[in-house]
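K.L.:
got a predicted model here, sequence first, then my questions.
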Amino acid sequence: MALFGTDGVRGVAGVDLTSELAHDLAVAAAHVLTDLGEFAGHKPKAVIAQDSRESGAYLEEAIAKGLSESGVDVIRVGVLPTPAVSFLVTELRADLGVMISASHNPATDNGIKFFARDGKKLADSVEAQVEAQLGKAWQPNGNRGEIRFDEGARESYIRYLLGTIHTDFKGLKIVVDCANGAASFVAPEVLRRAGAEVIAISDKPSGKNINENCGSTHLENLIAKVKSESADLGIAHDGDADRVLAIDHEGNIVDGDYILGILASHTDLPTKKIVGTVMTNLGLIRALENRGIGFEATPVGDRYVLEKMLAEGHMLGGEQSGHVIMRKFAITGDGILTALHLVSEVAQSKKSLKELASFMERYPQVLINVKGVDKSRLNSNSVIKKRITEIESELGSNGRVLLRASGTEPVIRVMIEAQSQDKAEGFASALAALVKSELAL
């Protein structure tokens, strides 16, 4: 099995992801980038950040040691969001960025993501070379790299974020759920400096409480706090703050699809299109069509969204989960950046978030994970294909069928969209049962 997934290397800290592996990955990355000529003609430099997991400390120490031994100067920037690394790599003119995070996973997990000098995640081909170099002896030329801490990195990132808006948030009361993660030290401060009255929750990381019943994957506390405080809206981040979901003043969820649609109305779109995934709600696609805005779909994963945006010149894209890429300002999903621009729309329009989100009628969407199946037989099964065709015919233009094999486990995801919840649930349950009976292991 490949070590690198769609979002770096991830696993249980101390079990799958050990200090030894982190050290060896750093050495292998330095080796590959040296061979590729990325460090040619100068002393290479790397930026390292982490989210708030307790395992981040020893993993960062191992990575810094591996890079230093490989002749790379290391700039440690502490606990910061993943998109801050993308920004700081270019801001500090570094050759490599390293983020230690497992995003929305539990505190027991951790991960390592590498960024190239342009702020993009390392290409799949380069990651494959890094993996191939693991454990191989290598004697770098040059002196050992220096390791230092940059006290001003967080402030540089905050100023960059605030520099992307020109709106005063005075008069708005906002609740922000920091998931006890990397957003804790940035998101409340950014919103306050923009002029809002801010109530922060889940903003006290202990090293063990990241994403624990909080953040963008657990919205209950945020919804309750928005209502009890009579706030104008709520913002929820995940552990490394590369995604954002929102809550309106009544407690309704405003997910990534709604956020994309709201931002699309006030973003320069030279291609007249935005990019989403196969999971993007049909309601957004229809609402965009009504406004003369096209839609391009990719497989699930923000890296695929970015690839499509870069290849075709699109400026806005993202996922239902709240990964939103605003290419005018960043080349990665940045939850705090997205939140600032969403709140900016509320402030400028003088409308509530609920009013802004009313442009779209969400289609009921039912997703069932069918476990214990042979996903390799999915595309060749004529019985399943026939049933999909029948359901698509019945739904017509008012619904959608999607079957998707998991990339990491024996699971097939069955998704149905329809105009009514009952119809979506009925078709999804029946199709999931058919998949189970036809493809059971």
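P.N.:
Received it, and whenever you're ready, just let me know what you need.
K.L.:
who touches the biggest helix by length in the chain?
P.N.:
Determined from DSSP state H, the single longest helix within the chain is helix 421-439. Residues from elsewhere that reach helix 421-439 (CB atoms under 8 Å, 6 or more residues apart in numbering): 363-368, 370, 372-375, 377-378, 381, 383-384, 387-388, 391, 395, 399, 401, 403, 412, 414-418. Every residue, glycine included, has its C-beta placed from N, CA and C.
K.L.:
list the buried residues of that helix.
P.N.:
423, 424, 427, 428, 431, 432, 434, 435, 436, 438, 439 (16 or more other CB atoms under 10 Å).
K.L.:
for stretch 312-326, same thing?
P.N.:
For stretch 312-326, using 16+ other CB under 10 Å, the buried residues are 314-326.
K.L.:
for stretch 44-61, same thing?
P.N.:
44-53, 55-56, 58-61.
K.L.:
so which of those residues are in helices?
P.N.:
Per DSSP H, the buried residues of stretch 44-61 map to helices at 56, 58, 59, 60, 61.
K.L.:
number of residues surrounding the closest residue to residue 202 other than its chain neighbours?
P.N.:
Nearest non-adjacent residue to residue 202, counting by CB to CB, 6 or more residues apart in numbering: residue 214, 3.8 Å away. Residue 214: 25 surrounding residues under other CB atoms under 10 Å.
K.L.:
these two touch, right, residue 214 and residue 179?
P.N.:
Yes - counting by CB atoms under 8 Å, residue 214 sits close enough to residue 179 to count as a contact (5.3 Å).
K.L.:
tell me, what's touching the two both at once?
P.N.:
residue 202.
K.L.:
now the strands for the stretch 51-200 of the chain?
P.N.:
Secondary structure of the stretch 51-200 of the chain (DSSP state E, counting those that start in this stretch): strands located at 73-79, 96-100, 109-116, 147-149, 173-177, 197-201.
K.L.:
circling back to that earlier point, list the contacts for the residue nearest to residue 202?
P.N.:
Counting by CB under 8 Å, 6+ apart, residue 214 has contacts 177, 179, 180, 201, 202, 221, 222.
K.L.:
in helices, which of the residues you listed appear?
P.N.:
Going by DSSP H, the helices hold 221, 222 from these.
K.L.:
most surrounded residue in the contacts of residue 214?
P.N.:
Highest neighbour count within the contacts of residue 214, by other CB under 10 Å: residue 179, with 35 neighbours.
K.L.:
what is the burial count for the nearest residue to it once chain neighbours are set aside?
P.N.:
Leaving aside its sequence neighbours, residue 179 sits nearest to residue 215 (CB to CB, 6+ apart; 2.8 Å). Look at residue 215: counted by other CB under 10 Å, it has 27 neighbours.
K.L.:
switch to numbering from 58
P.N.:
OK, 58 is where the count begins now, so the last one is residue 272.
K.L.:
can I assume residue 272 is in contact with residue 162?
P.N.:
No - contact criterion CB under 8 Å: residue 272 and residue 162 do not qualify, at 11.2 Å.
K.L.:
pretty sure residue 325 belongs to a strand, no?
P.N.:
No - counting by DSSP: H, G, I helix; E, B strand; the rest coil, residue 325 is not part of a strand but coil.
K.L.:
so it sits against residue 370, correct?
P.N.:
No - contact status for residue 325 versus residue 370: not in contact, 11.7 Å apart, counting by CB under 8 Å.
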